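> Structure for this input, please:
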Amino acid sequence: MGSVVLSCAIAVAVLMVGTWALSVRLANVSIVDLVWGLAFVVVAHVARAVVDPNPRIDLLTALVTIWGFRLSGYLLWRNWGTGEDKRYVAMRKRFGDKFWWFSLIQTFGLQGVLVLIVSLPVQLAAAGDDVSLGPVAWLGVAVWLVGFGFETVGDAQLARFKADPDNEGQVMDTGLWRFTRHPNYFGDFTVWWGLFLVSLAAGGWWGIIGPIVMSVFLLRVSGVTLLEKTITKRRPGYADYIARTSAFFPLPPKRLPSDSATDGQAGGGKDDTGDFDTKSFVAEAPPAETPPTGRSGGLDSNPGSNGPDTKDASS
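The predicted structure follows:
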């Protein structure tokens, strides 16, 4: 167990310090968001390399790799050529010459620690003795698939919505976004609970710390709570969207008194089926609306960069 945890800690430290050094050279801290998903991929492959190959760690490594590359790939696509995120620009002005050292600890260091905590199920599974895949593990795969589907489809639907100029400043409330205001956050949440179930027989119950920490950040720190502090001011109609739509867990939308005005109209209302472009694996909103953290990829990738999710789920 010790060799797995130590090896993963060293690998994540090297990755984060190296990315920090590159951010100094580029004068762009936003690249940290790209590393959030990749850091989990590094942990999974390092843990697998330290132990003898077995079906459980092979499966976990594959699932984490698919999830991590999708998230980082999207963030790279989304942020390419956009410059430094406004969150980090504000931090740079606030801390002046001390900004780079502050970012090393508060942004890169904190994300590295969170990666190691959230990925505990993978590390524990690698060090465990039970390498077989039983019913609970396959249940975990099913849960992972649900989460990955929500994240991927929700991101694609939102990307397509934002690509239409007619939707400028409007609220995305169709497709998966009709049932939850944050399908991508819900997807991340479900992915990590699925990975915990896959690791359970080998890793022990205390690996539950990982998905719990991820859940707290998504729900209370850098995810839903932080994002929705200001979004009602930036998105006309978002207050009604909040009243109608579940914040996190997918539920049928509530009917509001205003909805009755469209009842009985031929062809009235919106098409709530949503769109899914199978060629797109894009994630959230533009960086200008990304909440402090990834995550995408990120924490923020994070006020300032303290959360596990680098993605902006705003609509």
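
> pLDDT below threshold where in the protein?
1, 223, 225-226, 230, 232-233, 257-315 (pLDDT under 70).

> in the stretch 51-200 of the chain, which spans are strands?
Per DSSP state E, counting those that start in this stretch, the stretch 51-200 of the chain carries no strands over any range.

> Tell me which stretches of it form helices.
Counting by DSSP state H, counting those that start in this stretch, the stretch 51-200 of the chain has helices at residues 55-79, 86-95, 99-103, 110-118, 120-127, 135-163, 183-203.

> list the helices and strands the second one packs on?
For helix 86-95, the packing partners by 3 or more C-beta pairs under 8 Å, 6 or more residues apart in numbering; DSSP states H and E come out as helix 99-103. Yep, even glycine has a C-beta here, placed from its N, CA and C like the rest.

> buried sites along the helix it packs on?
Buried residues in helix 99-103, counted by 16 or more other C-beta atoms under 10 Å: 99, 103.

> Same check on stretch 141-155?
For stretch 141-155, using 16+ other C-beta under 10 Å, the buried residues are 143, 144, 146, 147, 148, 150, 151, 152, 153, 154, 155.

> Likewise for stretch 115-130?
Neighbour count says stretch 115-130 has 115-116, 118-128, 130 buried, by 16+ other C-beta under 10 Å.

> Format the CA atom coordinates belonging to that stretch as CSV.
What follows is stretch 115-130, C-alpha atoms only, in CSV (Å, rounded to 0.1, in the frame of the first residue of the first chain):
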residue,chain,number,x,y,z
VAL,A,115,-6.3,14.5,-6.8
LEU,A,116,-4.6,12.2,-4.4
ILE,A,117,-7.6,12.2,-2.0
VAL,A,118,-10.3,11.7,-4.7
SER,A,119,-8.3,9.0,-6.4
LEU,A,120,-8.0,6.9,-3.2
PRO,A,121,-10.3,4.2,-4.5
VAL,A,122,-7.9,3.6,-7.4
GLN,A,123,-4.8,3.6,-5.2
LEU,A,124,-6.4,1.2,-2.6
ALA,A,125,-7.6,-1.1,-5.3
ALA,A,126,-4.1,-1.4,-6.7
ALA,A,127,-2.7,-2.3,-3.3
GLY,A,128,-5.6,-4.7,-2.4
ASP,A,129,-5.4,-8.5,-2.6
ASP,A,130,-8.8,-9.2,-4.2
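
> Need the residues that contact it.
Stretch 115-130 is contacted from outside by 1, 3-5, 8-9, 12, 36, 39-40, 43-44, 47-48, 50-51, 56-57, 60-61, 64, 192, 195-196, 198-204, 206-211, 213-214, 308, using C-beta atoms under 8 Å, 6 or more residues apart in numbering.

> Are any of the residues you listed buried, and if so which?
Buried members of these, counted by 16+ other C-beta under 10 Å: 4-5, 8-9, 12, 36, 39-40, 43-44, 47-48, 50-51, 56-57, 60-61, 64, 192, 195-196, 198-204, 207-208, 210-211, 213-214, 308.

> SS state for residue 236?
On the three-state scheme (DSSP: H, G, I helix; E, B strand; the rest coil), residue 236 is labelled coil.

> pretty sure it contacts residue 168?
No: between residue 236 and residue 168 there is no contact under C-beta atoms under 8 Å: 11.1 Å.

> For the host helix or strand of residue 48, enumerate the helices and strands it packs against.
Using DSSP states H and E, residue 48 sits in helix 32-50. Under the contact criterion of 3+ C-beta pairs under 8 Å, 6+ apart, helix 32-50 touches helix 2-26, helix 55-79, helix 110-118, helix 120-127.

> Mind checking which of residue 236 and residue 168 has more residues around it?
Neighbour tally, residue 236 and residue 168, criterion other C-beta atoms under 10 Å: the higher count belongs to residue 236, 11 against 7.

> In contact with that one, which residues?
For residue 236, the residues meeting the contact criterion (C-beta under 8 Å, 6+ apart) are 169, 170, 171.

> now the buried residues of stretch 115-130 in TSV, with distance to residue 92?
Converted to TSV, the buried residues of stretch 115-130 look like this (distance: C-beta to C-beta, whole Å):
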residue	distance to residue 92
115	24
116	27
118	27
119	30
120	33
121	36
122	34
123	34
124	38
125	40
126	39
127	40
128	44
130	48
